[in-house]
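K.L.:
I would like the atomic coordinates for the input below:
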Amino acid sequence: MPPRDPFPQRIVCLTEETTETLYLLGEDWRIVGISGFTVRPPQARKEKPRVSAFTSAKIERILELEPDLVLGFSDLQAGIAADLARAGLEVHVFNHRSVAEIFRMIRLLGGMIGCELKTAALVGQLVVFGLQSGGWLGPPGATATPPRAPERLCASPSRPSRPRRRR
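P.N.:
Numbers count the residues shown, from 1 in each chain. Below you'll find the model as predicted:
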């Protein structure tokens, strides 16, 4: 049997924040399932299967996707996380409640997938973006798009030419 990659290749995101972060990092190819509440980035709803709401999930559907990591948020998803862990999946539940904790979540997620340098660059760009836009949300009516992380700063294998599809 070939050695297992040390970083997750098939990730289910039960909340929008981790989905958006992986897209900003250019690591969206890892995502195999998302929350039905995901609206950012818009292409995620078109590209990825929806496997959960915020406090409920299609456990059997998630298991069919064979993720090697499931990402959630807060104690509101503790029951989902427990069910998935009992089924043998690796689950991490973030609990960010401030801008500093959001940056910590981004850094932790980057470390989990072997993209520490790319993630540090993204966090730096987000700090500058937040300051330049007049605050973290920007001025009323602002439509600026957050920056993407620079390519080629990830220890994990290059993005496959075609994402794996399981039937």
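
K.L.:
any low-confidence regions in this protein?
P.N.:
1-4, 133-167 (pLDDT under 70).

K.L.:
what residue lies at the spatial centre of it?
P.N.:
Nearest to the mean C-alpha position of the chain, counting by CA atoms, centre = their mean, stands residue 18 at 2.8 Å.

K.L.:
what's the spacing between that residue and residue 63?
P.N.:
For residue 18, the distance to residue 63 equals 19 Å [CB to CB, to the nearest Å]. In this view, the C-beta of every residue, glycine as well, is placed from N, C-alpha and C.

K.L.:
One more: residue 87?
P.N.:
6 Å.

K.L.:
Give me the more crowded residue out of those two.
P.N.:
More crowded of residue 87 and residue 63, by other CB atoms under 10 Å: residue 63, with 16 against 13.

K.L.:
Hmm, the more buried one is touching residue 70, no?
P.N.:
No. Between residue 63 and residue 70 there is no contact under CB atoms under 8 Å: 10.1 Å.

K.L.:
what about residue 76, which SS state?
P.N.:
helix (DSSP: H, G, I helix; E, B strand; the rest coil).

K.L.:
ok, it - how many residues close by?
P.N.:
The tally of other residues near residue 76 (other CB under 10 Å) stands at 12.

K.L.:
from memory it sits against residue 55, does it?
P.N.:
Yes. Counting by CB under 8 Å, residue 76 touches residue 55, with 5.5 Å between them.
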